[in-house]
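**Student:** Return a 3D structure for these sequence lines:
(chains A and B)
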Amino acid sequence: MDNHYCIYICGVGGQGIIKTSTIIGEAAMNQGLDVVMSEIHGMSQRGGSVSTELKIGGYNSSIIPNQAADMLLSFEPVETIRGLDKVNSETKIVYNTHPIIPSSTDKEYPSVDGITKTLKENFKHVLPIDGTRLAIEAGSVLSLNMVLLGAVTADDKFPLTKESVIDAMKNNLKPKFHEMNLKAIESGYQSIKG
Amino acid sequence: MNLKELVTGESGEKQFLLGNEAAVRGVIEAGVSIAATYPGTPSSEIGNVLSVLAKDANIYFEFSTNEKVAMEVAATAAASGLRSFTFMKHVGMNVAADSFMTTAYSGVTGGMVILSADDPSLFSSQNEQDTRNYARIANVPVLEPSNCQEVKDMVKYAFDLSEQFGLPVIVRTTTRVSHMRGVVEFGDVNDNSSNNDNHWKRGHFNKDPSKYVPVPAFAGDMHVRLWDKIKKIEGISNRSEFNHEINFSDERVYGLIASSSAYNYAHDIVKFNDLDINILKLGFSYPFPQDKVVEFLEDLDEVFIVEEVDPIIERDVLAAIGAKNLDVIVHGKLDGTFPLYHEFNSDIVAQGLDKVLNFNEKTTVTYSSSLEELQENIPSRAPVLCAGCPHRAMYYGINLAIEELGLKPEDVIFASDIGCYTLGINPPYNAADYLLSMGSSVGDGCGFSVSTDQKVASFIGDSTFFHSGVSPLINAVHNKHNFVLTVLDNRITAMTGGQPNPGIPVDGMGDEAPEVSIRKLALACGCDYVRVINPFNLEQVVKTYKEAFERNDTAVIISKAPCTLIKGLTKKPPVNFVEGNCNYCDKCVSELACPAISKVDGKITIDKAQCDGCNVCIQVCKYGALEAGR
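**Tutor:** Numbering: from 1, shown residues only, chains lettered A, B, ... in the order given. Presented below is the predicted three-dimensional model:
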């Protein structure tokens, strides 16, 4: 199925997940592709887990069936584990290695190296990136979502061009952040490609 | 996208819109003059966008005190010949229902559309009620969009239909439709230019008590007229392009009827699995298009009904099969093919179809034991009260007061309400024991105070108090009920994303507005004990609760401090941790449970980015290990 591509994006409220997804969706629309996206608002924010689902190419439903994501893009290590229902053996699993420790005290936060090791035992394409560090290097921790956006465009199967994603970014975010965002997108791209 | 595009965008232009944004474009294309709402997820973003765009779009927009008032504002606008729009979450329909039912009887002159957003799987609601039942109780048409383009198109069409038959029309969305984003092609905009000094058009109300005053002498005829309209509209729904077939098979053995978001899952499963099933999509589902459905059913052996929440279309299909004596087997919720509750998804629909068709090859995935162990042991990340939230300070303070009064937790019933503060249900606060609906904490206080010897502490937010808290407070005073009502006045309608309410000096279009005083309201209701306190002053909080609990009347405590999410507030410096003073009692972590305070490697850690400098933790620590930032 050409140009079919499903991305499950997850993380913690406030990390810029909805904006990242909207930018990809708008870029897909501008390239003439069918695209639908699902997002969660309301009670689920307030520091809770947040996810969006983005489906490019002829889908009516905006929800990705289990094991049907082409990419799992996670802004936080433990949220990667929570999103695994959506992945299969071919899914690219891209995640930021910087943890956000929840205030719940029910379970201890697992080691991030342990998460990476366990994921690599089970899946072919496990791509951890130190997105928070790259974002700080680009100018602000707030550009984390741009680093991860750059990482998405580096996947060979991703049906959109980096240029159209950058155009959509410029259409959605303030000009004064464009330079930093471009730097962040490029560093995310290189961290996968390079 | 710049939101202004929703006003200025020209016919043929495409935008990537949220379902709720698409609804706003539909309202603008329809040429609406008056819009009113009470915010409620999943419909809230419609109001947020309208409040920004109203003036550019020649629309009068207000956040009404509750959904019933919003319904009345819309009904009278439509009776005055203007196009009017009201929107709410599904449970808002319960509040609006009294006036809504009569609006169906009296009818409208200008088009009136009610968008009600259902919440299957209860992402942010107390129940899963199905708005389509209201269409049937009141006898008004219902449209069920499946995607963002349909949201826009159906909202616009609903106004034409409403005006043609003089009846309000419901557009029913679900969370997955309201919060879906998709490509929307714009249409033409109807002119709604102002005819006066205000930015919106004024209509004129032509008096006709036989049409608008449902005294018994007139209401009987109104009911007859209503049925007359609905019979005619059934002819329209039978021919509507919103009810159409999508054929995936030349054989007519299996069929599937679906609506709303459930249609999307069914469509994708049939399409991507090459199933020999033809689909009838129902977008205009009441009045039930029986002729259209019977025509679809006639040659079929078996039909699947795929709809979310109640088996409403399914019962209508069964009735049609009975009436026409057809020989078709129906698979839906009632025979257990699909679940009777919670939202669907592609996997659930596939499982249901598979029970009959056996097409799904089961693939079992096995992971290493270390991954399974990891999956079972990750910490939960539920929504929590924000760092610096004034509600946390109040909950901590009341629990301390209860302890100091020598009361046990089971001696005090916490009657909670709808808002962020419902999160007080979680430990360590345990401050929600009973909850029914918007404003119920006050009426519940009345009931518990006469039914038990327990103390009652009711908690309600500022916006919720204006919504439905005032009339039960009058009840409490007049009937001499004994409980402590806390109004958590955080100067905003917080949970739904920060809308204004009558307690702050701004209205829904950003203009200055008179501020209604909660304190004066409580005094006017006849409360003798009304205290306005600073929730971040722990000593004052504890002292006030101890006083209030000792009383034998309805005591009102107003906690007044702004929500930390309000934009433009000056951030106070974060708290410092003084390691040398810490005796590791963990009180700040375990009893205050602020997300900015955690224990990492045995040491208290303050997340400086999250800490809001509310300094409550400093008052909790007896050892001086936490000190105010500078």
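**Student:** from what I can see residue A:12 touches residue A:98, true?
**Tutor:** No: with contact defined as Cβ atoms under 8 Å, residue A:12 does not reach residue A:98; the gap is 10.9 Å. For glycine as for every other residue, the C-beta is placed from the backbone atoms N, C-alpha and C.
**Student:** what sits in contact with each of those two?
**Tutor:** Counting by Cβ atoms under 8 Å, 6 or more residues apart in numbering or on different chains, the residues touching both residue A:12 and residue A:98 are residue A:76.
**Student:** same question for stretch B:47-57, mean pLDDT?
**Tutor:** The average pLDDT for stretch B:47-57 rounds to 98.
**Student:** right, is that stretch up against chain A?
**Tutor:** No: figure legend: stretch B:47-57 not in contact with chain A (Cβ under 8 Å from any Cβ of the partner chain); closest approach 10.2 Å.
**Student:** Could I get the phi/psi values of the closest residue to residue B:589 other than its chain neighbours?
**Tutor:** Once flanking residues are discounted, residue B:589 sits nearest to residue B:599: 5.3 Å by Cβ to Cβ, 6 or more residues apart in numbering or on different chains. Backbone geometry at residue B:599, expressed as degrees, to the nearest 10, gives phi -110, psi 110.
**Student:** who does residue B:599 bridge with?
**Tutor:** residue B:604 (DSSP bridges).
**Student:** I'd like to know how far it sits from residue A:109.
**Tutor:** 11 Å (Cβ to Cβ, to the nearest Å).
**Student:** Then residue B:500?
**Tutor:** According to Cβ to Cβ, residue B:500 and residue A:109 sit 39 Å apart.
**Student:** neighbour-wise, which of those two wins?
**Tutor:** More crowded of residue B:500 and residue A:109, by other Cβ atoms under 10 Å in any protein chain shown: residue B:500, with 21 against 17.
**Student:** Now do the same contact list for the more buried one.
**Tutor:** Here residue B:500 is in contact with B:63, B:492-493, B:506-508, B:513 (Cβ under 8 Å, 6+ apart).
**Student:** In terms of pLDDT, where does it sit?
**Tutor:** Value listed for residue B:500 in the pLDDT field: 96.
**Student:** ok, which stretches of chain A are strands?
**Tutor:** Secondary structure of chain A (DSSP state E): strands located at A:5-12, A:35-38, A:49-56, A:71-74, A:92-96, A:125-129.
**Student:** could those strands be laid out in CSV, adding mean neighbour count?
**Tutor:** Shown next, in CSV, are these (neighbours: other Cβ atoms under 10 Å in any protein chain shown):
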stretch, mean neighbour count
strand A:5-12, 25
strand A:35-38, 25
strand A:49-56, 24
strand A:71-74, 27
strand A:92-96, 27
strand A:125-129, 19
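**Student:** so can I have JSON lines of the ones you listed showing mean pLDDT and distance to chain B?
**Tutor:** JSON lines is the format used below for the strands of chain A (pLDDT from 0 to 100; distance: least, Cβ to the nearest Cβ, whole Å):
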{"stretch": "strand A:5-12", "mean pLDDT": "96", "distance to chain B": "7"}
{"stretch": "strand A:35-38", "mean pLDDT": "98", "distance to chain B": "4"}
{"stretch": "strand A:49-56", "mean pLDDT": "95", "distance to chain B": "5"}
{"stretch": "strand A:71-74", "mean pLDDT": "98", "distance to chain B": "12"}
{"stretch": "strand A:92-96", "mean pLDDT": "98", "distance to chain B": "12"}
{"stretch": "strand A:125-129", "mean pLDDT": "97", "distance to chain B": "11"}
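**Student:** For residue A:99, see how far away the residue in the stretch 301-450 of chain B positioned nearest to chain A is.
**Tutor:** Nearest residue of the stretch 301-450 of chain B to chain A, counting by Cβ to the nearest Cβ: residue B:383, 3.7 Å away. The gap separating residue B:383 from residue A:99 is 19 Å, by Cβ to Cβ.
**Student:** mind listing what residue 100 touches?
**Tutor:** Here I'm looking at chain A. The contact partners of residue A:100, by Cβ under 8 Å, 6+ apart, come to A:12, A:76.
**Student:** meant chain B, my bad for not saying
**Tutor:** Contacts for residue B:100 (Cβ under 8 Å, 6+ apart) come out as B:71, B:93, B:114, B:134, B:138, B:168.
**Student:** so residue B:548 makes contact with residue B:557?
**Tutor:** Yes: the pair formed by residue B:548 and residue B:557 meets the contact definition of Cβ under 8 Å, at 5.9 Å.
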